[in-house]
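Colleague: Here is a sequence with its predicted model. Questions after.
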Amino acid sequence: MMNWLQNLGRKGLLLFEGLGRAAIFFVGMVGGLGVALLRFRLTLREIYSVGVLSLVIIVVSGLFVGMVLGLQGYVNFAKFNAEESLGIFVALSLVRELGPVVTGLLYAGRAGSALTAEIGLMKTTEQLAAMEMMAVDPMRRVFAPRFLAGIISMPLLAAIFSAVGVLGGYFVGVGLLGVDAGSYWSQMQASVDFSEDIVNGVIKSAVFGVACNWIALYEGYDAVPTAEGVSRATTKTVVRSALAVLGLDFILTALMFGDI
């Protein structure tokens with residue numbers, strides 16, 4: 001019994017120690033954002049790395065998700081002769097939920113894992129220690145530009161995902177299943193509210209960007225400087241980022257659209 005309590009206490013202390021280190025790391029990154037804004041060329045390079053290079057998987061996934069929504073929505077709305085509501089269903093599903101959430105999951109799998117591997121390799125080869133010896137702050141030179149680039153890229157990627165998804169739903173609903181094109185767009189324009197739906201979707205994706213990039217950069221920074229340690233850190237990034245996105249999505253949805 002005592003051994004069980006000791007193990008539980010030890011794990012609890014390690015958990016709080018890790019949370020404390022992550023919080024200190026986050027404060028350090030936030031403190032370096034000013035320098036990242038002044039030296040925006042570094043941030044632009046990272047936006048290309050985490051944002052532009054993720055466009056292919058975002059566009060392809062958005063297209064197929066929109067096509068599936070169009071097909072499933074038509075099958076169900078046709079039972080009630082409400083095919084004209086297909087545009088509302090596709091747009092609200094993407095803008096409110098699927099756009100930010102699926103983009104966050106894809107971002108964690110593609111860009112988040114790459115960030116963790118990159119930072120872990122820099123730690124393994126002692127590049128971060130070399131920067132500190134040359135009086136270069138890694139927080140400002142390495143971490144802050146990548147953190148800012150992820151925060152900027154995530155809402156843009158989510159917007160592209162949603163826009164392509166709407167086009168995918170249009171292709172299936174209007175092009176293949178015969179829904180009236182005017183009804184598809186007019187119902188969508190009449191029901192999707194800019195401040196309530198689009199802005200809240202952007203806020204969601206920005207929060208997911210903060211969480212995913214914080215986890216990815218911290219896991220790389222905290223990785224054991226071995227090949228196995230970097231591999232384990234990369235796996236932790238994908239798993240923890242996915243859980244963070246799903247958990248935050250519930251909280252944000254409850255605050256934005258629920259009665260909580």
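Modeller: Done, it's in. Numbering: from 1, shown residues only.
Colleague: CA atoms for contacts and neighbours, from now on please.
Modeller: Will do.
Colleague: residue closest to the middle of this protein?
Modeller: Nearest to the geometric centre of the chain sits Gly104, at 2.5 Å (CA atoms, centre = their mean).
Colleague: I'd guessed that one sits against Val210; true?
Modeller: No: Gly104 lies out of contact with Val210 (CA atoms under 8 Å); the separation is 10.4 Å.
Colleague: Arg227 - how many residues pack around it?
Modeller: No, residue 227 isn't Arg; it's Ala. By the measure other CA atoms under 10 Å, the count of residues near Ala227 is 14.
Colleague: quick revisit: relative to Val30, how far out is the residue nearest to the centre of the chain?
Modeller: Note on Gly104: its distance to Val30, by CA to CA, to the nearest Å, is 21 Å.
Colleague: Kindly report the same for Met154.
Modeller: 17 Å.
Colleague: same deal with Ser93?
Modeller: Separation of Ser93 from Val30 (CA to CA): 33 Å.
Colleague: again, but for Leu63
Modeller: To Val30, Leu63 is 35 Å away according to CA to CA.
Colleague: quick one, which of those two is more surrounded?
Modeller: Counted by other CA under 10 Å, Leu63 and Val30 do not tie: Leu63 has more neighbours, with 22 against 17.
Colleague: so the more buried one makes contact with Phe171?
Modeller: No: using CA under 8 Å, Leu63 makes no contact with Phe171, being 9.5 Å away.
Colleague: what do these two both touch?
Modeller: Here Leu63 and Phe171 share no contacting residue, scored by CA atoms under 8 Å, 6 or more residues apart in numbering.
Colleague: Quick check: the closest residue to Glu83 other than its chain neighbours vs Thr124, distance?
Modeller: Nearest non-adjacent residue to Glu83, counting by CA to CA, 6 or more residues apart in numbering: Phe77, 5.2 Å away. Using CA to CA, we find Phe77 at a distance of 56 Å from Thr124.
Colleague: neighbour-wise, which of these two wins?
Modeller: Taking neighbours as other CA under 10 Å, Phe77 and Thr124 compare with Thr124 leading, 20 against 15.
Colleague: just for the stretch 151-260 of the chain, where's the confidence low?
Modeller: 258-260 (pLDDT under 70).
Colleague: In it, what residue spans correspond to helices?
Modeller: Along the stretch 151-260 of the chain, the stretches classed as helices by DSSP state H, counting those that start in this stretch are 181-191, 199-222, 227-257.
Colleague: In TSV, list those along with distance to Asn7.
Modeller: Below are the helices of the stretch 151-260 of the chain laid out as TSV (distance: least, CA to CA, whole Å):
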stretch	distance to Asn7
helix 181-191	54
helix 199-222	22
helix 227-257	22
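Colleague: Give the buried residues for stretch 157-176.
Modeller: Buried residues in stretch 157-176, counting neighbours by 16 or more other CA atoms under 10 Å, are found at 157-174.
Colleague: ugh, typo on my part, it should be stretch 210-230
Modeller: The neighbour-count check on stretch 210-230 (16+ other CA under 10 Å) flags 210-225, 229-230 as buried.
Colleague: any idea how far it is from the chain center?
Modeller: With CA atoms, centre = their mean, to the nearest Å as the basis, stretch 210-230 stands 16 Å off its chain's centre.
Colleague: Which residues does it contact?
Modeller: So stretch 210-230 is in contact with 22, 25-26, 104, 107-108, 112-113, 115-121, 123-125, 143, 146-147, 150-151, 232-234, 236-237, 240-241, 244-245, going by CA under 8 Å, 6+ apart.
Colleague: now do 6 Å
Modeller: Stretch 210-230 is contacted by residues Gly112, Thr116, Ile119, Gly120, Thr124, Phe147, Ile151, Ala233, Thr237, Ser241 when judged by CA atoms under 6 Å, 6 or more residues apart in numbering.
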